[in-house]
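Student: how would this look folded up:
(chains A and B)
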Amino acid sequence: MSKDITSREADYSQWYIDIVRKAGLADYSAVKGCMVIKPYGFGIWEHMRDQLDKMFKQTGHVNAYFPLLIPKSFLSKEAAHVEGFAKECAVVTHYRLKNAPDGSGVIVDPEAKLEEELIIRPTSETIIWDSYRDWIQSYRDLPVLINQWANVLRWEMRTRLFLRTAEFLWQEGHTAHETREEAIAEAERMLDVYARFAEEWMALPVVRGVKTANERFAGAEETYCIEALMQDGWALQAGTSHFLGQNFAKAFDVQFSTRNNSREYVWATSWGVSTRLMGALIMAHSDDEGLVVPPRIAPTQVVIIPVPKSLPALQETIDTIASDLQSLGIRVKVDSNDQDRPGFKFAEYEKIGIPIRLAIGARDLEAGTIEVARRDTREKQSVPLAGLSTHIQALLEEIQQNLYNRALQFRTEHTTRVDTWEQFVDVLENKGGFISAHWDGTPETEQQIKEETKATIRCIPLDAPTEAGQCVRTGKPSTKRVLFARAY
RNA sequence: CGGGGUGUAGCGCAGCCCGGUUAGCGCGUCUGUUUUGGGAACAGAAGGUCGCAGGUUCGAAUCCUGCCACCCCGACCA
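Tutor: Here you go, the predicted model:
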């Protein structure tokens, strides 16, 4: 049991906070709702970001950057959009401070009031579509496939590190297309990119689905999502991709000349994932000893710890091991700091989730072996030095796969098919996880279930087969099962 | 915005009810020595606008008034 991390069983929320703080991922800041992402946490985010960026480029997207500040009037151009975001916008009203006459500090200079107030972007559809109007004249200008990495601000009432903070980092893709079909295909394609990223890189199994009208993005015609299941049985929306129809094109008057020389509004998508993925990562894999990071996104994949008293004799061997691993592209850290004792280091590196720990001392050197400890299972093994680097390379892959399998098994065990309301309530209260049940398709029933149980429809899975059934709440006919859960 | 709570060293807390030495304790930090195969031991040291502003008093961390901040629980959310 770790010395300074609350166990999941004792208090799951506190466990989460302890992991974030004690593993050096993030801190609270002086500003309410805003966090400081610390170097280690940012290092993991960088690996996630770099891989996603690569995948966006592979699918033909390019990066650009649009302003942080958006004229207030832009937001109201799209009715549903303003409805969805107005309540959480920070507003810039002045552009200058001055010294207070009584010397008590600085005050807002009332002379410096902006003619048009600016909002800090909660998302960038409006400012981007205002530019797209000028960029798009003809079908020859389409498609526009742009992504931006940015920070956004949504003034949240209650925040949790990574999961919901006022300011967060994300990427937002904004694309423009000639036809409805092409835009829908883009939204689906990017959902697939997210799903592949989550599964292959974060070892996080996700359900691909579409949102119900209640949960849809403000201004979208269809919202696709990937939903993941956390260890406490709560669901987490890990990414969304929206088919925006012509809503923003109409709001910002973005028309183009078609192939048959008519004028038509452009079809749009937007899609994003955020630092919230860090929260998903933590809650999917970590344990009571601390963070567990999948090898593919771990800033350090292997740490080598020598037993200090025999360090001089070990130095050469350690250097060789490290450079062998590096030459295979493995990210290695050697910790020869002799201030801390090995036992302390073992605990520290487990706490921050380094996938593999190598420990070597005089005994190993004599036997020609090294101690290999894997973080996911916490197993230790003595392994011959000969052929070590290929063994480690394979082990990293095995850990990656094991984390995925473990999470998938958890999700499978915590996805329950339910056909009666009694069962529904019972599973929700006593087991948690996803509940696969029939729903009559009305927002009213969804709302009623939410009020009665706090469970929402996470998504209608894309692979849900058509089957005749009865709504679990109202008994009305239904053709598909949807996934319910309590969600972050 | 409603309900509850907390502000004292970097972190976690005691002291406050019942005002009165130089405001303590644990962890961490620094120095030194011995250690080092699962979270080391000893010795010494540094570190404080007691959230802020008024008030009562000979005297306030402690009592009174006002304010501020943060946390937890509810309504909204990636």
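Student: can you tell if the helix or strand containing A:Gly279 touches RNA strand B?
Tutor: A:Gly279 belongs to helix A:276-285 when elements are defined using DSSP states H and E. Yes. Residues of helix A:276-285 contacting RNA strand B under C-beta under 7 Å from any atom of the strand: A:Arg276. Heads up, the C-betas are built off the backbone N, CA and C, glycines and all.
Student: For the stretch 1-150 of chain A, list the residues in contact with RNA strand B, please.
Tutor: The interface of the stretch 1-150 of chain A toward RNA strand B, taken as C-beta under 7 Å from any atom of the strand, is made up of A:Ser2, A:Lys3, A:Asp4, A:Ile5, A:Ser13, A:Tyr28, A:Lys32, A:Gly84, A:Lys87, A:Glu88.
Student: show me the contacts for the last one.
Tutor: By C-beta atoms under 8 Å, 6 or more residues apart in numbering, the residues touching A:Glu88 are A:Pro122, A:Arg154, A:Trp155, A:Glu156.
Student: Find me the pLDDT at the first one, would you?
Tutor: What that stands for is A:Pro122. Turning to A:Pro122, the model gives it a pLDDT of 93.
Student: Repeat that for the third one.
Tutor: According to the predicted model, the pLDDT of A:Trp155 comes to 87.
Student: Quick check: closest non-adjacent residue to it.
Tutor: Using C-beta to C-beta, 6 or more residues apart in numbering and skipping the chain neighbours, the partner closest in space to A:Trp155 is A:Glu88 (4.4 Å).
Student: if you go through the stretch 251-400 of chain A in chain order, where are the strands?
Tutor: Read by DSSP state E, counting those that start in this stretch, the stretch 251-400 of chain A holds these strands, from start to end of the chain: A:255-257, A:263-265, A:267-274, A:302-306, A:332-334, A:356-360, A:369-374, A:380-384.
Student: Which one of those strands lies nearest to A:Ser478?
Tutor: Each of the strands of the stretch 251-400 of chain A was scored for nearness to A:Ser478 using C-beta to C-beta, and the closest is strand A:267-274 (28.9 Å).
Student: Tell me the strands beside that closest one, with direction?
Tutor: strand A:167-177 (antiparallel), strand A:235-245 (antiparallel) (DSSP bridges).
Student: Now tabulate the ones you listed in TSV and tack on mean neighbour count.
Tutor: Output for those, formatted as TSV (neighbours: other C-beta atoms under 10 Å):
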stretch	mean neighbour count
strand A:167-177	22
strand A:235-245	25
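Student: Mind putting the ones you listed into CSV with mean pLDDT and distance to RNA strand B?
Tutor: Shown next, in CSV, are those (pLDDT from 0 to 100; distance: least, C-beta to the nearest atom of the strand, whole Å):
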stretch, mean pLDDT, distance to RNA strand B
strand A:167-177, 96, 4
strand A:235-245, 96, 3
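Student: Tabulate the ones you listed (CSV), appending distance to A:Glu115.
Tutor: Rendered in CSV, the data for the strands paired with strand A:267-274 read as follows (distance: least, C-beta to C-beta, whole Å):
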stretch, distance to A:Glu115
strand A:167-177, 26
strand A:235-245, 30
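Student: Surely A:Gly33 is in a helix?
Tutor: No. Under the criterion used here (DSSP: H, G, I helix; E, B strand; the rest coil), A:Gly33 is coil, not part of a helix.
Student: burial count for it?
Tutor: By other C-beta atoms under 10 Å, 18 other residues sit near A:Gly33.
Student: What residues does it make contact with?
Tutor: Contacts of A:Gly33 by C-beta under 8 Å, 6+ apart are A:Trp155, A:Glu156, A:Thr159, A:Thr165, A:Ala166, A:Glu167.
Student: and what of A:Ala238?
Tutor: With contact set as C-beta under 8 Å, 6+ apart, A:Ala238 has these partners: A:Tyr194, A:Ala198, A:Leu204, A:Val206, A:Cys225, A:Ile226, A:Glu227, A:Ala228, A:Val273, A:Arg276, A:Leu277, A:Ala280.
Student: Can you give me the distance of the first one to RNA strand B?
Tutor: Pointing back at A:Tyr194 there. Distance, A:Tyr194 to RNA strand B, by C-beta to the nearest atom of the strand, to the nearest Å: 11 Å.
Student: Only the buried residues of stretch A:437-454, if you could.
Tutor: Going by neighbour count (16 or more other C-beta atoms under 10 Å), the buried part of stretch A:437-454 is A:Ala437, A:His438, A:Trp439, A:Asp440, A:Gly441, A:Thr445, A:Glu446, A:Ile449, A:Thr453.
Student: Identify those among those that sit within helices.
Tutor: Among the buried residues of stretch A:437-454, the subset assigned to helices under DSSP state H consists of A:Thr445, A:Glu446, A:Ile449, A:Thr453.
Student: Quick one: the residues you listed as CSV, columns for distance to RNA strand B too.
Tutor: Shown next, in CSV, are these (distance: C-beta to the nearest atom of the strand, whole Å):
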residue, distance to RNA strand B
A:Thr445, 16
A:Glu446, 12
A:Ile449, 13
A:Thr453, 11
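Student: quick one: which of these is nearest to A:Gly173?
Tutor: Nearest to A:Gly173 out of those is A:Glu446 (C-beta to C-beta; 28.1 Å).
Student: quick one: contacts for the closest one?
Tutor: A:Thr212, A:Asn214, A:Trp439, A:Thr456, A:Ile457.
Student: wait, does whichever strand or helix holds A:Leu403 contact RNA strand B?
Tutor: Counting by DSSP H and E, the element that carries A:Leu403 is helix A:388-413. No. Helix A:388-413 lies apart from RNA strand B when judged by C-beta under 7 Å from any atom of the strand; the minimum separation is 13.6 Å.
Student: what's downstream of that helix, the next helix or strand?
Tutor: Next in line after helix A:388-413, if elements are assigned by DSSP H and E, sits strand A:415-417.
Student: Return the distance of that next one from the chain's centre.
Tutor: Relative to its parent chain, strand A:415-417 has a centroid offset of 24 Å by C-alpha atoms, centre = their mean, to the nearest Å.
Student: thinking again about what came up before, neighbour count says what about the contacts of A:Glu88? Which are buried?
Tutor: A residue is treated as buried here by neighbour count (16+ other C-beta under 10 Å); on that basis the buried members of these are A:Pro122, A:Arg154, A:Trp155.
Student: Show me how far the helix or strand of chain A at the bottom of the mean pLDDT ranking is from its chain's centre.
Tutor: Ranked by mean pLDDT, DSSP states H and E, the weakest helix or strand in chain A is strand A:106-108, scoring a mean of 80. Its chain's C-alpha centre lies 38 Å from the corresponding centre of strand A:106-108 when counted by C-alpha atoms, centre = their mean.
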